[in-house]
Each structure stands twice: as structure tokens, then as C-alpha cells.
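Student: whatever this is, show me its structure:
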Amino acid sequence: MQKDLGNYRKSYEKSELTEDSIKENPLEQFQKWFYEVEASDGVDEANAMNVSTIGLDGFPKNRVVLMKKYTHEGFIFYTNYNSEKGKAIAKNPSVCLSFFWPNMERQVIIKGTAEKIAENLSDGYFESRPVGSQLGAVVSNQSEVVPSREVLEKALKDLEKAYEGKEVERPAHWGGYLVRPISMEFWQGRPNRLHDRIRYTLQEDYDWKIERLAP
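Tutor: Sure thing, here's the model as predicted:
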């Protein structure tokens, strides 16, 4: 079975990225782009991002998660610390994040280091989640093999009965990561595949070096 996709082509012509229009700080540039993507109303989940880790088996692995916050320090997402990604981060905290916003013909690639956030911050976010999502985090041994979907659904129903009328506490194995960027690349699609690529690299004095990359 095969399918030739050689004729799948698109001309990117919606915008440009120039040195005189960008912010000096990449997190401010990210905020600018994120606001523009949100305002465009053309992406269902603008905060969806790819998280790439180096697994315990030595292979890289990507998965899409939802960014829940970004600050001047970096990017925050939540997960099960005992999951495959959690174990990978524990062994090697060097990760790569990427955002792709096709309606704006843009992507952002972020290299950085992941670290657990403070427990009280994870508690605060967990408390803000719907009860169903809280119970889902409790009942799921993320990335572990399960016999069937029915086993999971029964375990959730049992948990719903056990916690009826009670507050759900955050499991110790579930919480947030902050990814502190050391490099951020902004990619803007342009005609004739001469795309704009601007890379920010963190220097020893904590200033950001800005460079244009060939497409």
C-alpha cells in the first residue's frame, strides 16, 4: 500500500517575520503570537503543544499535551509523574516543545529543561479542574498496560461512588512541569519555501542572542 503525496503543496503568504518587528525577549514574542492566534479564532486549542522527550529506551517520543500557563520563566503543563513522559523527564530533563498554528502559517520550537513546579501550584490547578478530570487523574496509571476499556470505566465508577460528596485530593504522582527555555525558534511560512526563521538563544549573561536561520 502506498500513496504519493508529492503534489501536496501550499504557498504560504499570510505574514512575515522580520528582525525589526520582533520582540527582544522570545517569551514576549511568544505572547504576541499567541494573542494573535487566539484572536484569529482559527485554532480549536491554541495551547496544544508537542512535548518531545528521550525515553528510557533511548528513542525520542512526541506527544501532544495542553500548555496551561506561560510566564517570564517558561511553559507549564500537567501530567502523571509516573507516566512514560514523567519517567523520561526524571532521567533526562532536556525536552523540546513545539506549537503549530496552521491557520497563521506559524510554528514555534522550544528547547529547554523541565522541572517540577511547587506542590502548592499543582494543588491549586488540580482544585480548579472538573471533578471528572480529577477522578480521571486518580484512577489512571498513565502509560501502564490495562486489560480493557471496561476495566478503566468500572474503576472510575467505583471511584465516583467512593468520593461522592467528598473533596478529591491531588495524587502525589500528578502535577506540573515548568519548561525553562534555552532556545526558541519562530517560524513563519513564506512564498517559494523561503520561510522566515528567527532563533533566540539564551546566553551566559541571560541575554538572548537573535539570529536568522536559512529556511
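Student: partner strands of the longest strand along the chain and their direction?
Tutor: Among the elements of the chain assigned as strand by DSSP state E, the one spanning the most residues is strand 174-188. Sheet pairing of strand 174-188 (DSSP bridges) gives strand 75-80 (antiparallel), strand 106-116 (antiparallel), strand 196-202 (antiparallel).
Student: so which of those is the most packed in?
Tutor: strand 75-80 (a mean of 21; mean count of other C-beta atoms under 10 Å). Heads up, the C-betas are built off the backbone N, CA and C, glycines and all.
Student: in CSV, could you pull the C-alpha coordinates for it?
Tutor: Presented in CSV, the C-alpha positions along strand 75-80 are these (Å, rounded to 0.1, in the frame of the first residue of the first chain):
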residue,chain,number,x,y,z
PHE,A,75,5.9,27.0,29.9
ILE,A,76,3.8,24.9,32.3
PHE,A,77,1.9,21.7,31.7
TYR,A,78,0.5,18.9,33.9
THR,A,79,0.8,15.2,33.8
ASN,A,80,1.3,12.0,35.8
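Student: how about residues contacting the helix or strand just after that strand?
Tutor: The C-terminal neighbour of strand 75-80 among helices and strands, as given by DSSP states H and E, is helix 84-91. Outside helix 84-91, the residues that touch it by C-beta atoms under 8 Å, 6 or more residues apart in numbering are 51, 53-56, 61, 63, 79-81, 95, 114, 142-143, 177.
Student: in helix 84-91, what counts as buried?
Tutor: Residues 84-86, 88-89 are the ones in helix 84-91 that count as buried (16 or more other C-beta atoms under 10 Å).
Student: could you give me the average pLDDT of it?
Tutor: Averaged over helix 84-91, pLDDT sits at 98.
Student: and the residue positioned nearest the centre of the chain, what pLDDT?
Tutor: The residue at the geometric middle of the chain, judged as the C-alpha nearest the mean C-alpha position with C-alpha atoms, centre = their mean, is Met49 (3.4 Å). Per-residue confidence at Met49 stands at 98 (pLDDT).
Student: the strands paired with strand 174-188 into CSV, with extra columns for distance to Arg212?
Tutor: Supplementary listing: those in CSV, determined by distance: least, C-beta to C-beta, whole Å:
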stretch, distance to Arg212
strand 75-80, 24
strand 106-116, 15
strand 196-202, 6
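Student: all helices for the chain, in order.
Tutor: Read by DSSP state H, the chain holds these helices, from start to end of the chain: 26-40, 84-91, 119-128, 131-139, 149-162.
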